[in-house]
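Pasted the sequence and its predicted model underneath.
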Amino acid sequence: MTFATTRWWLLRHAPVINPEGRIYGQGDVEVDLGNRAAFLALATVLPRGAVWLCTPLARTGRTAQAIRDAWHADETPPEPPVPVLDLVEQHFGAWQGLTHDELNARQPRAAQRFWIAPATERPPGGESFADMAARVGSALLRLSVEHAGRDVVCVTHGGPVRAALRLALGVEAEAVLRLRIDTLSLTRIDAIAEAAAPPVWRIDGVNLPPGAVPPAT
């Protein structure tokens, strides 16, 4: 049998500038790109010749650009990432733009339900974490076939990284909400598949800081 391993390098975007603590979800917000040491560390260890993906939200594209700008001067940087809509963050609907205090004041019962069942509760006009995890999982399966045997660097969001880990672990959506995913951290998972069979997943690292990123293999 011949197996193909698709190696996913999942990066959460740079820190969001959000002093009021507003719920941003799929809203476009500014990011702090001042941590050049982190971008240099990532540019050093990320695999060469990889496929690069991001999401349509500017914070992932700008983070990817900051890493590309830190690429070694004697090397050609990667091509700009391709945005993939299905890998975007959870949509919080009518809650986007509100602070948690504003949400608690305007919709106290909805806010209480959300904290009781954070994986399955849908904000008005939005999607639940479980909805998002199903969307991201389907995209990862599709893209793992499309880029079989390749390294795939994907600059995305905390929710989709947890969704990828849910797929790899085969657990309920709520279980991965306990995982911490820091900005500019990297999570490494592999999809190992034979022909058209569903992949077996391997997890090589979760929430790794830039300086502790494993070398490409």
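Now that the structure is in, tell me what you want to look at.

Packing partners of the lowest-mean-pLDDT helix or strand in the chain?
Using mean pLDDT, DSSP states H and E, the weakest-scoring helix or strand in the chain turns out to be helix 108-116, at a mean of 85. Where contact means 3 or more Cβ pairs under 8 Å, 6 or more residues apart in numbering; DSSP states H and E, helix 108-116 is packed against helix 100-106. Using the backbone N, CA and C atoms, a C-beta is placed for each residue, glycine as well.

what about this protein, any weak spots by pLDDT?
The model of the chain has pLDDT under 70 over residues 1, 213-217.

right, and the helix or strand after the longest helix along it?
Looking across the chain with DSSP state H, the single longest helix is helix 129-146. Downstream of helix 129-146, the first helix or strand assigned by DSSP states H and E is strand 151-156.

Sheet partners, orientation included, of that next one?
According to DSSP bridges, strand 151-156 forms sheet pairs with strand 3-12 (parallel), strand 51-54 (parallel).

I figured Ile84 was touching Leu53, is that so?
Heads up, residue 84 is Val, not Ile. Yes. If you go by Cβ atoms under 8 Å, Val84 and Leu53 touch, sitting 5.3 Å apart.

more neighbours, those two?
Each of Val84 and Leu53 has its neighbours counted (other Cβ atoms under 10 Å); Leu53 has more, 23 against 20.

does the closest residue to that one other than its chain neighbours have beta-bridge partners, and which?
Spatial nearest neighbour of Leu53, excluding adjacent residues (Cβ to Cβ, 6 or more residues apart in numbering): Cys154 at 4.4 Å. With DSSP bridges as the criterion, Cys154 is bridged to Leu10, Leu53.

Gln107: what's it in contact with?
Taking Cβ atoms under 8 Å, 6 or more residues apart in numbering, we find Gln107 in contact with 95, 124.

State the distance from it to Pro77.
Separation of Gln107 from Pro77 (Cβ to Cβ, to the nearest Å) stands at 45 Å.

try Leu177
Per Cβ to Cβ, Leu177 is found 35 Å from Pro77.

How about Gly126?
36 Å.

what about the two, which has more around it?
Each of Gly126 and Pro77 has its neighbours counted (other Cβ under 10 Å); Gly126 has more, 19 against 15.

Now that one. Nearest residue, chain neighbours left out?
Gly93 (2.7 Å).

Please name every helix or strand in contact with the longest helix of the chain.
In terms of contacts (3+ Cβ pairs under 8 Å, 6+ apart), helix 129-146 is packed against strand 3-12, helix 158-169, helix 173-176, strand 186-194.
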